[in-house]
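**Student:** Based on what follows, work out the 3D shape:
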Amino acid sequence: MSPQPDTSPAPSLTEVETHGVDRIPDAERTATPLDLFRLAFGGANTFSTCVLGAFPILFGLSFRQGLAATLLGVVAGALILCPMAVFGPVNGTNNAVSSSAHLGVHGRVIGSFLSLLTAIAFFSISVWSSGDALVGGAHRLFGLPRGDLSYVVAYALFACLVLAVCVYGFRFMLFVNKVAVAAASLLFLLGAIAFAGDFDPSYAGVFTDSADAATQSLFWPSFIGAALIVLSNPVSFGAFLGDWSRYIPASTPRRKVIGAAFLSQIATLLPFLFGLSTASIIAAKAPDYVDPAAPDFVGGLLAISPGWFFLPVCLIALIGGMSTGTTALYGTGLDFSSVFPRLSRVQATLFVGVLSIAFIFIGRFGLNLVQSISTFATMIITCTTPWMVVMMLGFWTRRGWYDPDALQVFNRRQRGGRYWFAHGWNWRGMTAWWVSAVIGVLFTNIPGQFVGPLGDLADGVDIGLPLSLVVAAVLFLSLLRLFPEPRAVYGPEGARLARTVDVPVPPITGPGAESGEPEPVAVTNGG
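**Tutor:** The predicted structure follows:
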């Protein structure tokens, strides 16, 4: 076991980060689990999370029913998410690159693709919701016209500001989130004061005793659907946790890293409950804004806000949107640079940022995709969660042992190594992922928006996600038993539960390859 070297001083905030997905040197790993908490919580302590928190009310639930769905979604999502934080400290790279160990050197592009879709979707939600709040607040405060030009300017300025932070990189993003966590939390607590007089926890929703049978039959589909939308928020960070935790020293106890990721999502109950509570007030005082056919949470919030709270609403939109936007776009640029190594992290961030901004304008003014937030969120978690299951079970069967050098084969345009498997693909992990993802989509049921071909088999209840979780776990472990992996991908303690087979490891060849198989970097188990 190699001793941990002395760490060097952290780079300044204004120094542009040069690291892509290459392994972060031990001397530069100066982040802590608290920093991970700030980034993960800051990225969700935002106005866009409030919008997701309003969906239980939009689905017709009462406040108490919505509270139960929110608690279920947040806790379940946090439990699914938190183990994904350990890959960064162990391997010193992001989670998509770490997935090479379980999906193969080429199969790791699946993680890059999923993180790209997730980031664009949540970056768009962030810009849309924050931009709408800024324009609406400015209209109420200063009489700014609410025409398309105002929204175009707000979206463009906000998106470019986020892009600038992402170009500077991890340290500057961490600084922004340190400020955002405290500021946004204070503003949400101020909002509790602003709406305390109007809040009524007895808001009944549509599923009352007097509701007809057709309405009553939609309760469980609506409840499960609301919980899944809430759950999508923590799960959406699964592909990104390694982007931030890779700066944490490998010797950090794993329980602290996992705990930081878990608590960061439990803390998001603050914006979720703000969205749930204010949505129930909107439903009671301005019901037109929660019409399922054309919901407008931002407009409803401004309609019920006291005049003195307009400025805090604008600040929440600005500060919180910066957090969500930077955490999403940073990971996208980082991962894109790993798929196309000719692009530096900065070049990839700028390229993906421009694409995302174009998508935002097309979606807002051309295709009206804002109304499909719940579909975005649910489909993302349906495809991402099985990938996370494969990663976590792979970590468990490997006893947390990896060869960080072999993980970088794809990024260096090399061939071979421990994770080459069959021409760069580990069909065991790939099969478990795509089969469970397809099954999840087939059984998805989002009332009024998307129903898979088998989505009605459970009386309208969306069982796509729990089914895909079970299928991914059972299928992956079964494949590991039936078709053993090479002994070389496991550490000195051997496999846990899985079987192995002794086959030679193909040497790493290509640009920069040295003769022979390199020794893996030693890491501690972290407690």
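**Student:** can you give me the helices for the stretch 351-500 of the chain?
**Tutor:** 373-397, 404-407, 427-442, 464-482 (DSSP state H, counting those that start in this stretch).
**Student:** Contacts for the shortest one, please.
**Tutor:** This points to helix 404-407. By C-beta atoms under 8 Å, 6 or more residues apart in numbering, the residues outside helix 404-407 that reach it are 23, 91-93, 97-98, 100-101, 417-419, 508, 518, 520-521. (C-beta placed from N, C-alpha, C; glycine too.)
**Student:** now, which of these lie within helices?
**Tutor:** Here DSSP state H is the test, and these give 91, 97-98, 100-101 as lying in helices.
**Student:** Looking at those, which is nearest Gln216?
**Tutor:** Ser98 (46.4 Å; C-beta to C-beta).
**Student:** Could you check how far the closest one is from Thr327?
**Tutor:** Look at Ser98 and Thr327: by C-beta to C-beta, to the nearest Å, they are 18 Å apart.
**Student:** what do you get for Thr70?
**Tutor:** Thr70 is 21 Å from Thr327, by C-beta to C-beta.
**Student:** Looking at the two, which one has more neighbours?
**Tutor:** Thr327 (29 against 26; other C-beta atoms under 10 Å).
**Student:** Give me the three-state assignment for the more buried one.
**Tutor:** Secondary structure, DSSP: H, G, I helix; E, B strand; the rest coil: Thr327 is helix.
**Student:** Identify the residue spatially nearest to it, adjacent ones excluded.
**Tutor:** Gly43 (3.4 Å; C-beta to C-beta, 6 or more residues apart in numbering).
**Student:** now do Ser236
**Tutor:** That would be Thr118: by C-beta to C-beta, 6+ apart, it lies 5.2 Å from Ser236.
**Student:** Would you mind giving the secondary structure of that neighbour?
**Tutor:** Assigned state for Thr118: helix (three-state reduction, three-state DSSP).
**Student:** What's the separation between it and Ile508?
**Tutor:** For Thr118, the distance to Ile508 - C-beta to C-beta - is 31 Å.
**Student:** Tell me which of the two has more neighbours.
**Tutor:** Each of Thr118 and Ile508 has its neighbours counted (other C-beta under 10 Å); Thr118 has more, 26 against 23.
**Student:** so who does the more buried one touch?
**Tutor:** 236, 239-240, 328, 380, 384.
**Student:** before we move on, back to that, adding mean neighbour count, distance to Ala159 and mean pLDDT as columns, could you present the helices of the stretch 351-500 of the chain in TSV?
**Tutor:** Below are the helices of the stretch 351-500 of the chain laid out as TSV (neighbours: other C-beta atoms under 10 Å; distance: least, C-beta to C-beta, whole Å; pLDDT from 0 to 100):
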stretch	mean neighbour count	distance to Ala159	mean pLDDT
helix 373-397	23	18	87
helix 404-407	22	32	92
helix 427-442	22	30	96
helix 464-482	19	31	95
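**Student:** Just send those back as JSON lines, with distance to Ile362 too.
**Tutor:** What follows is the helices of the stretch 351-500 of the chain, written out as JSON lines (distance: least, C-beta to C-beta, whole Å):
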{"stretch": "helix 373-397", "distance to Ile362": "14"}
{"stretch": "helix 404-407", "distance to Ile362": "36"}
{"stretch": "helix 427-442", "distance to Ile362": "24"}
{"stretch": "helix 464-482", "distance to Ile362": "28"}
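**Student:** circling back: please look at the residue nearest to Thr327 and Phe237 and confirm they touch.
**Tutor:** Yes: counting by C-beta atoms under 8 Å, Gly43 touches Phe237, with 7.0 Å between them.
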